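Undergrad: Predicted structure and sequence below. I'll ask about it afterward.
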Amino acid sequence: MLGDLKDPGAYQAPLEISGRDPGLLVDLLRTMMLSRMVEEHLADQRREGTIGGPVHLGIGQEAIAAGVSQFLRSSDRVFGAHRSHYHALALGTDFKALFAEILGKETGLSKGMGGSMHLWDEPRGFYGSVPIVGGTVPLAVGAALAAKLQASDAISVSYLGDGACEEGVVHESLNLARVLDAPTVFVVENNLFSSHMHISLRQPSDSTARFAVAHEIPFEVVDGNDVLAVADAAGRLIEQARSGGGPGFLEAVTYRWLGHVDWRADIDVGVARSESDLKQWRLRDPIARLRAALEAVGQWSPEEDKELERELSESIEEAWSQAMDDPWPSDEALLKYVYSSEGGA
Amino acid sequence: MPHMKEYDYGSAIRAGFDYLLSEYPEVFVMGQGLWSPWYVGNSMTDLDKIYGTDRVIDTPVSELACTGAGVGASLAGMRPVVVHPRIDFMLYALDAIVNQAAKWSHMFGGQAHPRVTVRGIINRGGEQGAQHSQALHSWFAHIPGLRVVMPATVADARDLLIASVLCDDPVVFIDDRWLYDLKGELPAPKELDLRAQGPVVVREGVDITLVASGYSTQLALEASEVLLEEGISCEVLDLRVIAPLDPAKVIRSVSKTGRLVAIDGGWRTCGLSSEILAQVVEHVPPNSMKANCVRVTLPDAPAPTSRVLEGLYYSSIEDVVAAARSCARNG
Ligand SMILES: Cc1ncc(C[n+]2csc(CCOP(=O)(O)OP(=O)(O)O)c2C)c(N)n1
Ligand SMILES: [Mg+2]
């Protein structure tokens, strides 16, 4: 059971950062802030109707991808799901290309063919995100198996949610990864919800790490809103996978600030999602906790923060307006990509 | 008729569930989103509150287990309805539907009857893309042992649901979110025998036959209005039950008009439209055909997301009109 890890009132204090490299911490802060601001922008644009399709935003969950990605290389293979903008952004994906994709433009990450829920950025090791829950989990195992067969030290990462753990394929994948020793790190972002349903309505226990136990996969359970706790645990599991120690399982406990999809907070829609919980979880903000810690030791200041925010906001605005001006896919795109040979069959 | 109420398609489905749950204690419903307005539109509103969360069950994200459980419960005396808010998600449940439900009657010498209804909702458009847009009815129609039902009208949305659940065979019931706002009147609920249900002529005409099902039927009906103004009289058939398919009315109509346009929201290759054409080729004497048959379907490609491509991808009333016009002029 998760105990106080799922208590919204716990873990609100500034992070413990003594002995850590301040440069690295500022990088993490930057990654999370970029992610947050990009997604806030997307929320606004979706509300305005500029974005025509659904966007599943990870605001409040930024620490997980930021922490995990610290240890990833572009030769690794990362797989996401429906809520994956920040998984790609944490790998350094160009947010202009993300914007273009979400707008359905030819210059997008998936050439405008996928939109928010289908992202691809192989040069950065992002091997695809899709909205069929659990759909990419066995693919991540396969990509890890390939690395093993290729005698490469690449690993794969499978981001999945607590809801995804209810799909049979996830359990098959855990078992398969274990028996094949495929270097996969399963990262379960346990935000306690699967769309409107709280985990207590869907599973007999609130901790998904029990599935790692069942498959004898080494696991760690952390506060997913503590980027350092995530990074430390992910670092150990990734190193183990990279050095031939087989799969690992990281359960990171978090909460999404927005509703399941789009910009609304949806406090009234979720079964067991409340205004007061949300308020507390917003105080358990992964960004504010790192920022406060850095400020307390003089490694960061409100002025620097303002400056970073201004800089990010400017580049986001600029990227957005470029993406808005970018061309649409041509009509031929409809058939052109169906098979590998351009022009169709 | 006393107090005929105006319904829409979504609330008509809800009326079907309401009827079944109140009349038949062996009916229960399970699926994702049944306690939420998000997934299933207005088609399940408050049923959990009226009939209890034991009989209207919102489930974990476990399509295969839920569908298999529906099959099992049906063998043990219940009449379950398993709801998949998108037919795309239902693909995880294929074993339960195709290997189990569809096979048990035949495989066990007619002794086992999985009387389960699997409801899959077609939910497309809105830049949702390849995995949130599919219309896979033709696939299921390919499987002997399954009855595949596609209501196109408000009354059928309710009455074919009731007939599906009361039928002793496994039924794949496919409704379409694009129809949910369709308005119509609902007389008192009817208990139809699904085995006796099939295609109906929803509009009589003499020049050309339009065959469709589900949402495509509405496209055909609207196109037929436009065509009438151009002096082309269309006979429109709504298939309603696409498997097992009774082709008699299609054959009769095409024998009369000599022209066929088959309209389907699925893909072209090996799709429902292919089956309609095959029936016509097999059964309508060549000398009564006046023109080549025409199909209006999706192009053979996954659904795009970009709004400019979505506009091209889905068939419109204009596409049906153009197809019928060219068919009427040919020959
Ligand atoms: C196979 C399948 N079933 C159901 C859905 C509908 N759905 C989309 S996201 C989601 C919730 C998944 O919850 P979780 O895995 O915890 O991810 P989160 O949304 O919390 O990030 C569901 C049920 C789907 N997309 N695919
Ligand atoms: Mg979740």
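TA: In hand now; what should we look at? Ligands and ions are numbered 1, 2, ... in the order given.

Undergrad: quick one: residue A:200 and residue A:271 touch, right?
TA: No. If you go by C-beta atoms under 8 Å, residue A:200 and residue A:271 don't touch, sitting 9.3 Å apart. Placement of C-beta: from N, CA and C, glycine included.

Undergrad: Tell me which residue in chain B sits closest to ligand 1.
TA: residue B:89 (3.7 Å; C-beta to the nearest ligand atom).

Undergrad: And that residue, how far from residue A:313?
TA: 38 Å (C-beta to C-beta, to the nearest Å).

Undergrad: quick one: residue A:53 from residue A:240, how far?
TA: For residue A:53 relative to residue A:240 (C-beta to C-beta), the value is 38 Å.

Undergrad: nope, residue B:175 is what I was after
TA: 49 Å.

Undergrad: Of the two, give the one with the bigger neighbour count.
TA: Between residue B:175 and residue A:240, counted using other C-beta atoms under 10 Å in any protein chain shown, the more crowded position is residue B:175 (30 against 17).

Undergrad: quick one: secondary structure of the more buried one?
TA: Per DSSP: H, G, I helix; E, B strand; the rest coil, the local secondary structure of residue B:175 is strand.

Undergrad: May I have the beta-bridge partners of it?
TA: residue B:121 (DSSP bridges).

Undergrad: Which strand or helix spans the residue most central in space within chain A?
TA: The residue lying closest to the centre of chain A (C-alpha atoms, centre = their mean) is residue A:87, at 3.6 Å. Residue A:87 is part of helix A:85-89 when elements are defined by DSSP states H and E.

Undergrad: Now do that helix: everything it contacts.
TA: A:31, A:34-35, A:38-39, A:42, A:55, A:57-58, A:61-62, A:65-66, A:78, A:80, A:95, A:98, A:109, A:116, A:119, A:121, A:124, A:126, A:129, A:159 (C-beta atoms under 8 Å, 6 or more residues apart in numbering or on different chains).

Undergrad: which residues touch the single nearest residue of the stretch 51-200 of chain B relative to chain A?
TA: Of all residues in the stretch 51-200 of chain B, residue B:127 sits closest to chain A, at 3.0 Å by C-beta to the nearest C-beta. When contacts are counted by C-beta under 8 Å, 6+ apart, residue B:127 touches A:52, A:53, A:54, A:104, A:115, B:305, B:306, B:307, B:310.

Undergrad: and the gap between the first one and residue A:97?
TA: Right, residue A:52. From residue A:52 to residue A:97 the distance is 18 Å (C-beta to C-beta).

Undergrad: which one of those two has more residues nearby?
TA: residue A:97 (21 against 18).

Undergrad: Quickly list the domain ranges of chain B.
TA: Domains of chain B are assigned by automatic domain parsing as B:6-195, B:200-329.

Undergrad: Would you mind giving those domains as JSON lines with mean pLDDT added?
TA: What follows is these, written out as JSON lines (pLDDT from 0 to 100):
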{"stretch": "domain B:6-195", "mean pLDDT": "97"}
{"stretch": "domain B:200-329", "mean pLDDT": "98"}
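
Undergrad: I'd like to know how many residues surround residue B:314.
TA: Using other C-beta under 10 Å: residue B:314 sits among 17 other residues.

Undergrad: meant to ask about residue B:211
TA: 31.

Undergrad: quick one: contacts for residue 208?
TA: Assuming you mean chain A. Residue A:208 touches A:162, A:165, A:188, A:190, A:251, counting by C-beta under 8 Å, 6+ apart.

Undergrad: nope, chain B please
TA: B:227, B:232, B:233, B:234, B:235, B:257, B:259, B:260, B:261, B:324, B:327, B:328.

Undergrad: Name the nearest of these relative to ligand 2.
TA: residue B:261 (46.1 Å; C-beta to the ion).

Undergrad: Looks like the closest one contacts residue B:205 (just checking).
TA: No. Using C-beta under 8 Å as the test, residue B:261 is too far from residue B:205 to be in contact (11.7 Å).
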